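Engineer: can you look at this prediction? I've put the sequence above it.
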Amino acid sequence: MKKIIALLLTVLLITATLTACGGGGSNHALVGTWEWEILANYEWTFNADGTGTRGTAIDNNDFEWETDGDGLTVSFVGGIGDLGVQHERWTYEVSGNTLTVTSRVTGETFSYIRAR
C-alpha cells in the first residue's frame, strides 16, 4: 500500500512540475480564441495541447506555444522565408476577457478580447 501511495505522489508531483514549466493545459488562461481589438477578424487561438493559429480566416499561421511565468514563446515552423523555426517572445497578461501581449524585442503592445 505504501508503494502505491508513493507512486501516486510521484506521478502527481511530476504532473504538477510539468504543468508549472509551461506549455498549454486545458486550464491555462491563454487557452481559447482572442480577437485583436483593432481588427476583429485577426485572431490568436491557443489550444490546450500547446498548438495554435494566428491570423485571419484566409491568411493564418500555425504555431506551438509555451509559457514561463509571464513569458510567452510562440514558435512558427518555416518562419520568414522558410529559414527554419522562428521564435517570438512576448510578455503577457490576462485580465478578465482581455489579453495583452508585449514583444520582448520591439516593446510593441497589442490587446485582444476573448472571443471564445
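Structural biologist: Ah, there it is.
Engineer: which other residues reach the longest strand seen in the chain?
Structural biologist: Determined from DSSP state E, the single longest strand within the chain is strand 84-95. Strand 84-95 is contacted from outside by 29-30, 67, 70-80, 99-105, using CB atoms under 8 Å, 6 or more residues apart in numbering. Every residue, glycine included, has its C-beta placed from N, CA and C.
Engineer: please indicate which of the residues you listed are buried?
Structural biologist: Buried residues within the contacts of strand 84-95, counting neighbours by 16 or more other CB atoms under 10 Å: 30, 67, 72-74, 76, 99, 101-102.
Engineer: and residue 48, what are its phi and psi?
Structural biologist: phi -60, psi -20 (degrees, to the nearest 10).
Engineer: how many residues are close by it?
Structural biologist: Other residues lying near residue 48 total 15 when counted by other CB atoms under 10 Å.
Engineer: my guess is it meets residue 30, correct?
Structural biologist: No. Look at residue 48 against residue 30 with CB atoms under 8 Å: they stay out of range, at 9.5 Å.
Engineer: tell me where the model's unsure across this structure.
Structural biologist: Filtered on pLDDT under 70, the chain yields the residue ranges 1-27, 78-84.
Engineer: thank you kindly, that will do.
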